[in-house]
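Asks: Need the 3D shape of this:
(2 chains)
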Amino acid sequence: MALHSEILSKEGRASALRSRGTFRRILERNAAGYIFLLPWLLGFFGLTLGPALASLYLSFTNYDLLQSPDWVGAANYVRILSDDPKFGAAMRVTFTYVVLSVPLKLAFALAVAMAFNRGIKGLTLYRAIFYLPSLLGSSVAIAVLWRQLFASDGLVNMALWQIFGFEGPSWISNPDYALYTLVLLSVWQFGSPMIIFLAGLRQIPTDMYEAAEMDGAGKARQFFKITLPLLTPVIFFNAVIQTIEAFKAFTPAFIISEGTGGPINSTLFYTLYLYQEAFGFFRMGYASALAWILVIIISLFTAFSFLGARYWVHYDE
Amino acid sequence: MASSITLDRIEKRYGALPVIHGIDLQIQPGEFTVFVGPSGCGKSTLLRMIAGLEEISAGEMRIDAARVNETAASKRGIAMVFQSYALYPHMSVYKNLAFGLETAGFKKLQIEERVKKAADILQIEPLLQRKPKALSGGQRQRVAIGRAIVREPKIFLFDEPLSNLDAELRVQMRVELSKLHQRLGSTMIYVTHDQVEAMTMADKIVVLREGRVMQAGRPLDLYNNPANRFVAGFIGSPKMNFLSAKLDTNDASRRTIELGGRRVELERPIAAREGEPLTLGLRPEHIIAQQEANTLGTASVQLVEHLGGSTVIYAATQDGQPTTVLLEGQRPFRIGETIPLSFNLANIHVFGGDGQRV
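Replies: Model (predicted):
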């Protein structure tokens, strides 16, 4: 028995040595690849996964930057969901923003893409010009410009006065309108989904429309019966990406409301509220819990989107 | 009810570039007409002009007696089967067939009746609930034809509908299309670059080249009496041999041409001057590997294709002219072998320097 164990143990050691040798050989063989991967791996573990896991831990603590974190269990989550009126306000604002901005932006992007798809001269130039707001849109400079445009003495009101003789309100100071100026800013950044729509439209074979034309379908019927169904994979992709982006929107609201989310919380985006909690009140634990709730909301939305996609998205085919 | 089509000096220009040059054509009701020609000859463009998918730049098109130049595609009483089938991928076969009828405002019962009838003709009833992606190439083809049938059009147009099918299925579908034509009795126009399809299916073949009609007529008329060298070369497989010759004597009593250093006496007068270079057209199936009165001399065998029922020989005559010979049965010729080649005078075609029959 002892001999048997000794043999087994020797075999085990030999096997371990063999596998260690195999591992080393694989490592040596792929060393160049791992070296090239290293910057990304460092970035991923050090700047993405590490902080994400740290924030998950912190969300169960009362960390405030000054003292070491104390474990408070689910207290942060309980308070957010049961006793935080600002959380409710931020959710309302964010969902309103998502529900308004995403469909409007997609509809506008699709309309422009369809206009471009008719084969106009100078398409490349127009495409670049229309894409420009998407590059600049989330920048601080554009948000500042937007603030100037929609201020009470801004360009928009000047134009309204000159053209219609109508004295407009201060769009960004009025809680009834402030959010809609941000929705407008979002719609203005339609370039990115427009480019993707344009690529999708180009994929629809011309003879599909010709067959529909022979069948007597007018332009509207062709749009609803051919274009839209065949574009559903692209619509789905754009909708998911733009919705996630909308949930994460921060800069425009931060600049336009000067970080307050005002007037009267009317532009208190979820991310702005999270920012206030983290860097205004240094409630890092609480802010981490808010961040993870947003992660869960976005994940649920994405999961339901993919589950629902099978009923309305036509792949391949 | 079948309709006639009249094309009266039809032209198509893209900007300043003319692609169809004043085509005149009369297609009788119920006729199966095939437009045939090489790539870029304008056959598909002409078909699309008839369909109403391309504007007619000049000339007049009439269906029966009515001018239709300005009539929308859907109002011409025409249905078209596309090369790619153009089935709507997100709709079931039933929906694909019903789409045109729904658009035209047919009632549900009428639609069901027509779809069922078309599905019955094409034997696609079991496929009605499937999506196009779940169909084979041949099945898709049937559905595409079905989509045309349900509309009960006066005219059917087919744009190279068999080009995406494998050889066996093409032959099968060719037969089925011919049967369908007999059954429906509609006017059909069929575009192909395959002369075998044209010969086997057509009542009338229209051979096109660079936007012009080179010849239009019944398949065997084109085979037996090609109007020019292009048609002679395009119709028939293997392709007609073209041998360089010269008109030697051309008077009332005697007409001879010089062919490879030999004199060949012609049976009929020809419209050419003595000494004029000519081209002698001889179909491969009209050459025999024997020494007879009208001979091409001997030829060196360069390649032999054994097809079982026939043998194709690619050879070169003594003066180096490539010659293809199609012989019945299995012939034991070998590469490098020298064989005698002869022909029957009744089967020769003579073309002038401009390529026209003389």
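Asks: For chain B, which residues are neighbours of chain A?
Replies: B:51-53, B:73-75, B:78-80, B:82-84, B:86, B:88-90, B:99-100, B:103-104, B:131-133, B:147, B:151 (Cβ under 8 Å from any Cβ of the partner chain). C-betas here are computed from N, CA, C, even on glycine.
Asks: change it to 7 Å
Replies: For chain B, the residues in contact with chain A (Cβ under 7 Å from any Cβ of the partner chain) are B:51, B:53, B:73-74, B:79-80, B:82, B:84, B:86, B:88-90, B:99-100, B:103-104, B:131-133.
Asks: Narrow the residues you listed to those in helices?
Replies: Secondary structure defined by DSSP state H assigns B:51, B:99-100, B:103 of the residues of chain B next to chain A to helices.
Asks: hmm, back to that, just the buried ones from the residues of chain B next to chain A, in ChimeraX syntax?
Replies: Applying 16 or more other Cβ atoms under 10 Å in any protein chain shown to the residues of chain B next to chain A, the buried members can be selected in ChimeraX as follows:
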select /B:51,53,73,74,79,80,82,84,86,88,89,90,99,100,103,131,132
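Asks: Can you name the element that comes right after the helix or strand encompassing A:R25?
Replies: According to DSSP states H and E, A:R25 maps onto helix A:2-29. Scanning forward in sequence from helix A:2-29 by DSSP H and E, the next helix or strand is helix A:31-43.
Asks: what's the following helix or strand past that next one in contact with?
Replies: Next in sequence after helix A:31-43, counting helices and strands by DSSP H and E, comes helix A:50-58. Helix A:50-58 is contacted by residues A:69, A:284-285, A:288, A:291-292 when judged by Cβ atoms under 7 Å, 6 or more residues apart in numbering or on different chains.
Asks: can you check stretch B:116-124 too?
Replies: Contacts for stretch B:116-124 (Cβ under 7 Å, 6+ apart): B:93, B:97, B:125, B:128, B:139, B:142-143, B:145-146, B:149-150.
Asks: Am I right that A:A113 is in contact with A:A199?
Replies: No. Between A:A113 and A:A199 there is no contact under Cβ atoms under 7 Å: 8.7 Å.
Asks: Can you list which of the residues of chain B next to chain A are found in strands?
Replies: Counting by DSSP state E, the residues of chain B next to chain A place B:79-80 in strands.
Asks: quick revisit: mind checking which of the contacts of helix A:50-58 land in strands?
Replies: Using DSSP E, none of those sit in strands.
Asks: Using a markdown table, lay out the residues you listed together with distance to B:Y190.
Replies: Shown next, in a markdown table, are these (distance: Cβ to Cβ, whole Å):
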| residue | distance to B:Y190 |
| --- | --- |
| A:P69 | 80 |
| A:M284 | 76 |
| A:G285 | 77 |
| A:S288 | 71 |
| A:A291 | 66 |
| A:W292 | 66 |
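Asks: Kindly write the ChimeraX command that selects the buried subset of those.
Replies: Of the contacts of helix A:50-58, the buried ones go into a single ChimeraX selection, burial set by 16+ other Cβ under 10 Å:
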select /A:69,284,285,288,291,292
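Asks: Reformat the contacts of helix A:50-58 as TSV; add pLDDT and distance to chain B.
Replies: Formatted as TSV, those follow (pLDDT from 0 to 100; distance: Cβ to the nearest Cβ, whole Å):
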residue	pLDDT	distance to chain B
A:P69	90	53
A:M284	94	50
A:G285	95	50
A:S288	96	44
A:A291	96	40
A:W292	97	39
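Asks: burial count for A:M158?
Replies: 12 (other Cβ atoms under 10 Å in any protein chain shown).
Asks: distance of it from A:A141?
Replies: 21 Å (Cβ to Cβ, to the nearest Å).
Asks: returning to that earlier point: any idea which of the contacts of helix A:50-58 is closest to B:A16?
Replies: A:A291 (64.5 Å; Cβ to Cβ).
Asks: I figured A:P229 hits B:K95, correct?
Replies: No. Applying Cβ under 7 Å as the test, A:P229 and B:K95 come out as separate, 10.8 Å apart.
Asks: any weak-confidence spans in the stretch 201-317 of chain A?
Replies: A:316-317 (pLDDT under 70).
Asks: need the residues of it near chain B, please.
Replies: Residues of the stretch 201-317 of chain A lying close to chain B (Cβ under 7 Å from any Cβ) are A:205, A:207-208, A:210-211, A:213-217, A:221, A:226, A:229-230, A:314, A:316-317.
Asks: Any of these buried? List them.
Replies: Among these, those classed as buried by 16+ other Cβ under 10 Å are A:207-208, A:210-211, A:213-217, A:226, A:229-230, A:314.
Asks: and those, which of them are in helices?
Replies: Using DSSP H, these in helices are A:207-208, A:210-211, A:213-214, A:229-230.
Asks: Let me see the contact set for B:I56.
Replies: B:10, B:12, B:49, B:69.
Asks: redo that, cut-off 6 Å
Replies: For B:I56, the contact set (Cβ atoms under 6 Å, 6 or more residues apart in numbering or on different chains) comprises B:10, B:49, B:69.
Asks: returning to what we had before: any chance of the contacts of stretch B:116-124 in TSV with pLDDT as columns?
Replies: Shown next, in TSV, are these (pLDDT from 0 to 100):
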residue	pLDDT
B:V93	97
B:L97	96
B:E125	93
B:L128	96
B:Q139	93
B:R142	92
B:V143	95
B:I145	93
B:G146	94
B:I149	92
B:V150	94
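Asks: Give me the nearest residue to B:R48, chain neighbours excluded.
Replies: Leaving out its chain neighbours, the residue that sits closest to B:R48 by Cβ to Cβ, 6 or more residues apart in numbering or on different chains is B:E54, at 4.3 Å.
Asks: Apologies, that question was intended for B:K204.
Replies: In space, B:K204 is closest to B:T33, 4.7 Å off (Cβ to Cβ, 6+ apart).
Asks: Could you pull up the mean pLDDT of the helix or strand hosting that neighbour?
Replies: Take DSSP H and E as the rule and B:T33 turns out to sit in strand B:32-36. What strand B:32-36 shows for mean pLDDT is 97.
Asks: what's the neighbour count on the residue in the stretch 151-300 of chain B that chain A sits nearest to?
Replies: Of all residues in the stretch 151-300 of chain B, B:R151 sits closest to chain A, at 7.5 Å by Cβ to the nearest Cβ. When neighbours are counted by other Cβ under 10 Å, B:R151 registers 23.
Asks: I'd guess it is in a helix, am I close?
Replies: No. Going by DSSP: H, G, I helix; E, B strand; the rest coil, the assignment for B:R151 is coil, not a helix.
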